[in-house]
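Enquirer: turn this into a structure:
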Amino acid sequence: MNRRSVLLAATALTALPRLPALAQGAPGDPIRPLVLITRPQAAAPAPFQAAELIAQEWRKLGLQVELRPLPGQQYSQVIWYERQRWDATMWQMVGRPERGDPDEMVYNLLHSANIATGYNFVGYSNPEYDRLAEAQRGEMDMARRQQLVREVQEVVNRDQPYAFLVHPVNLQAFNKQVFAEGSAVNQAGLGIRNFWNWISLQPTGRQRDIIVNSTEPVKATNPFYVSGAPDSWVTDLVWDRLMRVGPDGLPRPWAAETVTQPDPLTIDCVLRAGMTHHDGTPVTAEDVVFSYEAPGMGDESPMYKPFVQNIASVVATNDRTVRFTLKRPDAAFRIAVLAKLNIVSKRIWAPVVADYLNRPQNLESHVEERPIGSGPYRFVRSRVNEEVVLEANPNHWSRPKADRWIMRIILNVEATLGALRRGEINVLADYFGDPDLVKNMARQLPNMIAIREEVDIGFQFVGMNLRRPPFNDPAFRRAMSAAVNREMMAGAAWNGQAVPSNSMVSPALAAWHDQGIAGRVPGGNLEGARRMLQEAGYRMVGNRLHYPSGVRETTTPYQ
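Expert: Numbers count the residues shown, from 1 in each chain. Below is the predicted model:
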């Protein structure tokens, strides 16, 4: 193990809400050694370096902190499915088009309804937060909804269920000798790594394949589950949706020819005529109905279930029209639901869902031998840790300009640049290395490399497991967050390609982001963190931080 990842004791303290009774008497038990889980350095150098910086500061507070890298599959398995087991983890929410509306970040990440199996994997529960998250969903007045979303951000700032770190600035590049530079499509909060770019890039010569890189493997190609960023890039292309979020961030009809709303609780979607799945069978209104009913069947699709909970009914009113009736008005419905859920073949998936209803596993574990959607690209093959190959769907109404879309899995980010220079990839889509290396390459090869930069909708953060003391104490979490120097981290770990974060709402979403939130981290520095811990009753004994008086350590260390 790297010498900087071993268990080390350090020196210091922290603080917040004043609990004078706890500050009296003998200190409680010493806090057990804590484990901060991260991805390996070669796969994610910036988050790994950020984890080292965080562990270093937490040790100064008198904590024993081990940094433990886990390979991709184990990393996801432990954090997502073994929620009682771990202490804290480096994690990210990646930018996706449907996250251009704040609802997914606001409601699904931290609403208590999503603790057991959904996005709220840290176990945050606050009735005040729940009320605000629900209210913004149903608020149709834009100004009032903006205010509610800002109030949500302030509650999170106070409770610090996450230690938000940065919003990355996506640095992407493409080979303009292969593609017409003017055909590249940028999307707010995403850059050129977006659906519209993949169907619009225009080859200029014999090379007609879009070849992108990913620094992590695809874990699942499943329309009811997305386990990571590269998974979502594939599912976006293989499966159609009723609507899509356009490059301008606004929803627009896609598989639905028209979307109308006769009243606040009724939405009618008319399907395009002649749509077919990749196996040649027609896309029907019944397929759409099933696609929106399946996530609500039991707990088979916990990732998507929250998005359909406001649907009172979905019915096919004729061969091409689907009517949604809502339980209450939903300001985000077009983006967060119609532009998010994938349209699947009922013929293929109804038996699968029925089978999983009788299994201990849920639908997320299902693996299709050859995924079949109706999207602009169709599945060709996937080789674990090597590549995913899709080909243009010749029967799609919006056939891509390229012949194939290929994702090459290159886990070492330094090797990625060599692949770009040699033409083994022609779109640098996933890069967390030194930005100067890319910019120098563009200066050296001005006729070959075009660069694009965009602040991401998503964010990087430390997820603190609120099920496990001491992270169940808001004062302790505030102190841990206060100790994080976000400005230094943005510069040192992300090489300046990031902006400090203290919110789940990115500054890329100017209409929703609280511009002052980044500067209001409680405590705001290491000394503030020490003070907060002291005021909350935590005590230093020697070089070890102890719980407040009377508190016993009963939690089993992570193994």
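Enquirer: immediately after the lowest-mean-pLDDT helix or strand in the chain, which helix or strand?
Expert: Across the helices and strands of the chain, mean confidence by mean pLDDT, DSSP states H and E is lowest for helix 72-76: a mean of 87. Moving toward the C-terminus from helix 72-76, the next helix or strand (DSSP states H and E) is strand 88-93.
Enquirer: which helix is the longest one in the protein?
Expert: helix 142-159 (DSSP state H).
Enquirer: what are the contacting residues of it?
Expert: Applying CB atoms under 8 Å, 6 or more residues apart in numbering, the set of residues contacting helix 142-159 from outside is 102, 106, 110, 124, 126, 128-129, 132-133, 135-136, 139, 162, 331, 474, 477-478, 502-505, 511-514, 517, 520-522. Glycine gets a C-beta too; all of them are placed from N, C-alpha and C.
Enquirer: next, the contact list for the residue most central in space within the chain, please.
Expert: Central residue of the chain (CA atoms, centre = their mean): Met93, 2.4 Å from the mean position. Residues near Met93 by CB under 8 Å, 6+ apart: 99, 105, 109, 458-459, 461, 504.
Enquirer: and it, what pLDDT?
Expert: Here, the pLDDT recorded for Met93 equals 92.
Enquirer: next one: the one 10 residues further on
Expert: The confidence metric pLDDT takes the value 92 at Asp103.
Enquirer: go on, Thr281?
Expert: For Thr281, the predicted pLDDT is 98.
Enquirer: and what of the one 10 residues further on?
Expert: At Ser291 the predicted local confidence, pLDDT, stands at 97.
Enquirer: doesn't it fall inside a helix?
Expert: Yes: under DSSP: H, G, I helix; E, B strand; the rest coil, Ser291 sits within a helix.
Enquirer: still on that earlier bit, which of the residues in the least confident helix or strand of the chain are buried?
Expert: Residues 72, 75-76 are the ones in helix 72-76 that count as buried (16 or more other CB atoms under 10 Å).
Enquirer: can you dump the C-alpha atoms of that helix in CSV for me?
Expert: Taking Å, rounded to 0.1, in the frame of the first residue of the first chain, the C-alpha atoms of helix 72-76 are listed here in CSV:
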residue,chain,number,x,y,z
GLY,A,72,-14.1,-0.2,-10.0
GLN,A,73,-16.5,-3.1,-9.5
GLN,A,74,-15.7,-3.6,-5.9
TYR,A,75,-15.9,0.1,-5.3
SER,A,76,-19.4,0.4,-6.6
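Enquirer: how far off centre is it?
Expert: 15 Å (CA atoms, centre = their mean, to the nearest Å).
Enquirer: show me the contact partners of that helix.
Expert: Under CB under 8 Å, 6+ apart, the answer for helix 72-76 is 37, 39, 43, 216-217, 219, 227-228.
Enquirer: distance to Phe195 for the buried residues of helix 72-76 - can I get that in a markdown table?
Expert: Below are the buried residues of helix 72-76 laid out as a markdown table (distance: CB to CB, whole Å):
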| residue | distance to Phe195 |
| --- | --- |
| Gly72 | 24 |
| Tyr75 | 27 |
| Ser76 | 24 |
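Enquirer: which residues in the stretch 101-250 of the chain form helices?
Expert: 103, 109-110, 127-138, 142-159, 195-200, 229-238 (DSSP state H, counting those that start in this stretch).
Enquirer: right, and those helices - which one's nearest Ser374?
Expert: Nearest to Ser374 among the helices of the stretch 101-250 of the chain is helix 229-238 (8.6 Å), distances taken as CB to CB.
Enquirer: what is the orientation angle of the closest one with strand 88-93?
Expert: 30 degrees (axes from the mean of the first three to the mean of the last three CA atoms, to 10 degrees).
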